[in-house]
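J.: Next come a sequence and a model predicted from it.
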Amino acid sequence: MDSNTDLFSNEVQILDQLIGGVYDFVVTDSNGCVLQDMVELIEPTEFSPEIEYVINASCDEETDGMIIIRTSGGNPPFNYVVDGSSEILTTYDTLLWVYEDMASSLTQDVEPYMEEIVITDSDIVISGLNGNSWHTVTILNDEYSCLDDIGPVGYSLYVGSNDDNCLFIPSVFTPNGDGINDTWQIDGMDLYPNPQIRVFNRWGQVVFESSNQQYIPWDGTSDSDGADQEIATYYYVIDLNLDTKNYNGSVTIKR
């Protein structure tokens, strides 16, 4: 680099608007002493969206779906918005634990698969997504506004569902006061705010009913008089107040 600018003691010269490359500097003082140095300016590679990774929700009504977008190039961190929100988010470094196959682990003797993923400020992570839903992600710019030339980068991604059934309905419980399986605990019922659950005895009489509220597990007593129900098989009808989301079957009380 050639420069004929005269520099005086304690004066600082700023050279800007430089492109990437190797620059040789020669500095000569008033006594003729010479200092030579070399500086390499690294220009970032062009921005590129590399991988779009979608983790489905464990079941239809769950909100544990996730989207991971890995990018390369540019000058992270990146600013982005999700689903057209006015809130601008920024990427950051973190360590992410991803649990897979949670639905299967509820109904089978299977340990859920767990994976550790290193997230950098080049990556976008959106979690807490509903099953069977579309989502948009728009990258607005990087730290130095180097994406101005290409404009916002948009994605439209679908989060599916691994199972249409979010419930695990036990076929037996033991209300004997030992603290183990004392109530008819239906896993996943917390996803439905206003389910209707009715339980009938062998004569078709309703012994338990829950509606227009969050489900409180049945303790094996009669709604009418609070008496313990006998050891027997009972029959249930569950209406989740959703299209095609109705269940019926049997549950047995043992003591």
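T.: Right, received. Where do you want to start?

J.: which SS state does Asn176 fall under?
T.: Here Asn176 is recorded as coil under DSSP: H, G, I helix; E, B strand; the rest coil.

J.: what about it, neighbour count?
T.: Residues lying near Asn176 (other Cβ atoms under 10 Å) number 14. In this view, the C-beta of every residue, glycine as well, is placed from N, C-alpha and C.

J.: if I pick the nearest residue in space to it that is not next to it in sequence, what's in contact with it?
T.: Nearest residue to Asn176, sequence neighbours excluded (Cβ to Cβ, 6 or more residues apart in numbering): Arg255, at 4.6 Å. Residues in contact with Arg255 (Cβ atoms under 8 Å, 6 or more residues apart in numbering) are 174-176, 231.

J.: Could you export those as CSV, including pLDDT and distance to Leu167?
T.: CSV is the format used below for the contacts of Arg255 (pLDDT from 0 to 100; distance: Cβ to Cβ, whole Å):
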residue, pLDDT, distance to Leu167
Thr174, 96, 20
Pro175, 95, 20
Asn176, 92, 25
Ile231, 95, 25
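
J.: now Asn181: how far from Val251?
T.: 11 Å (Cβ to Cβ, to the nearest Å).

J.: Of these two, which one has the most company?
T.: Using other Cβ under 10 Å, the more surrounded residue of Asn181 and Val251 is Val251, with 18 against 14.

J.: phi, psi of that one?
T.: Note on Val251: backbone dihedrals following degrees, to the nearest 10 are phi -140, psi 140.

J.: so how far is Val206 from the residue nearest to Asn176?
T.: Distance of Arg255 to Val206, computed by Cβ to Cβ: 21 Å.

J.: before we move on, what about Thr183?
T.: Per Cβ to Cβ, Thr183 is found 18 Å from Val206.

J.: What of Ser161?
T.: Going from Ser161 to Val206 by Cβ to Cβ gives 33 Å.

J.: Pick out whichever of these two has more residues nearby.
T.: Ser161 (20 against 13).

J.: who's in contact with the more buried one?
T.: Applying Cβ under 8 Å, 6+ apart to Ser161 gives the contacts 56-60, 62, 65, 131-132.

J.: can you give me the strands for the stretch 101-250 of the chain?
T.: 113-119, 123-129, 133-141, 153-159, 172-173, 196-200, 206-210, 232-239, 246-253 (DSSP state E, counting those that start in this stretch).

J.: Give me the outermost residue of this structure relative to its centroid.
T.: Asn31 (65.1 Å; Cα atoms, centre = their mean).
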